[in-house]
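Asks: please work out how this folds:
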Amino acid sequence: MAELLRGAPIARALTDETAARAAKLRDAGACPRLVIVRVGGDPGDIAYERGALKRAAAAGVAVEVEALAPDTAQGELMACIERINERADVHGCLIMRPLPAHLDEGSVSAALDPAKDVDGITPGSLYGVFAGRATGFAPCTAEAVVELLERSGVALSGARVCVVGRSLVIGRPVAMLLMGKNATVTICHTRTRDLDATCAGADIIVAAAGRAGTIGRGAVASGQVVVDVGINVDAAGNLVGDVAADEVEPVVAALTPVPGGVGAVTTAVLMKHVVDACERAARKG
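Replies: Sure thing, here's the model as predicted:
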């Protein structure tokens, strides 16, 4: 049976480290501050916001929530982002996405100051990820995958990694981050020919396709580490990942559970980014 790589202990360790750094900043007169921008009341957004507030309290990060009406106009949202950009006491901004259909998400993302883009949504942040430069921040979930692997003792240098998923939120950025750790990465997706064979030849699989059951018994081999980033709801209303865990767990060496895996680390990475941003601002004076 596979070892379950649970996110909670990793998130606690990362949060403790972040809290110690935040305390030093406060002693020096700087308080790390995050603003969460939420348009409407999507239950998933509210659940994530609740988790972020809890994590922020543990990490010593102050949080404000800009809760906007679901029919908020584009201009009003852009003005909100501009106010956040201009506030020297705000170090990070998290925009809950996806935004309602009537809003232009691309314009909103581009308007955010990359220095405050703690979830890696601006072109500047993504450029930094793809160029291997410390410009902005990587998307939190993508970085959470790397944190979980490294802190679980999984060797990345020289490892063959198959990333299943090509979104700018997880698939592509996590591939770049893993390459930055000297892994050899293959990016696949649900239309990849012989997907199972490609996955089975890897040392590590990162499943981020957004479709339940994408990774089954035929896609895995003994000794592998499988990271399941998927969040799906099955016919019975249960939360499941992209991996058919009952088929995969008896075969592989290690597997992240859903829930309780990568998701638990994501908000800890978010708070780390806010403190990173505060430290950068303090160095600039």
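
Asks: which helix is the longest one in this protein?
Replies: Once the chain is assigned using DSSP state H, the helix that runs over the most residues is helix 262-284.

Asks: for it, packing partners?
Replies: With contacts defined as 3 or more CB pairs under 8 Å, 6 or more residues apart in numbering; DSSP states H and E, helix 262-284 has these neighbours: helix 7-27, strand 33-39, helix 43-59, strand 92-95, helix 140-151. Yep, even glycine has a C-beta here, placed from its N, CA and C like the rest.

Asks: out of the ones you listed, deepest packed?
Replies: Across the helices and strands packed on helix 262-284, averaging neighbours per residue (mean count of other CB atoms under 10 Å) puts strand 92-95 on top, at a mean of 26.

Asks: list the contacts of that strand.
Replies: 32-37, 52, 81, 84, 108-109, 112-113, 116-119, 121, 270, 273-274, 277 (CB atoms under 8 Å, 6 or more residues apart in numbering).

Asks: of all the helices and strands packed on helix 262-284, which one comes closest to Ala236?
Replies: helix 43-59 (18.2 Å; CB to CB).

Asks: each with direction, which strands does the helix or strand just after that closest one pair with?
Replies: Sequence order places strand 62-68 as the next helix or strand after helix 43-59, per DSSP states H and E. With DSSP bridges as the test, strand 62-68 is paired with strand 33-39 (parallel).

Asks: the strand it pairs with vs helix 262-284, what angle?
Replies: 130 degrees (axes from the mean of the first three to the mean of the last three CA atoms, to 10 degrees).

Asks: taking helix 43-59 as reference, get the angle to strand 33-39.
Replies: 170 degrees.

Asks: average pLDDT for strand 33-39, rounded please.
Replies: Per-region confidence: strand 33-39 scores 98 on mean pLDDT.

Asks: can you pull out the helices in the stretch 51-200 of the chain?
Replies: 74-86, 105-111, 123-131, 140-151, 171-180, 195-200 (DSSP state H, counting those that start in this stretch).

Asks: out of those helices, which is the most enclosed?
Replies: helix 140-151 (a mean of 24).

Asks: now find how far off-centre it is within its chain.
Replies: 8 Å (CA atoms, centre = their mean, to the nearest Å).

Asks: use 339 as the first number for this chain going forward.
Replies: Let's use 339 as the start, then, which means that last one is helix 478-489.

Asks: in terms of secondary structure, what does it contact?
Replies: Going by 3+ CB pairs under 8 Å, 6+ apart, helix 478-489 lies up against helix 345-365, helix 509-518, strand 563-566, helix 600-622.
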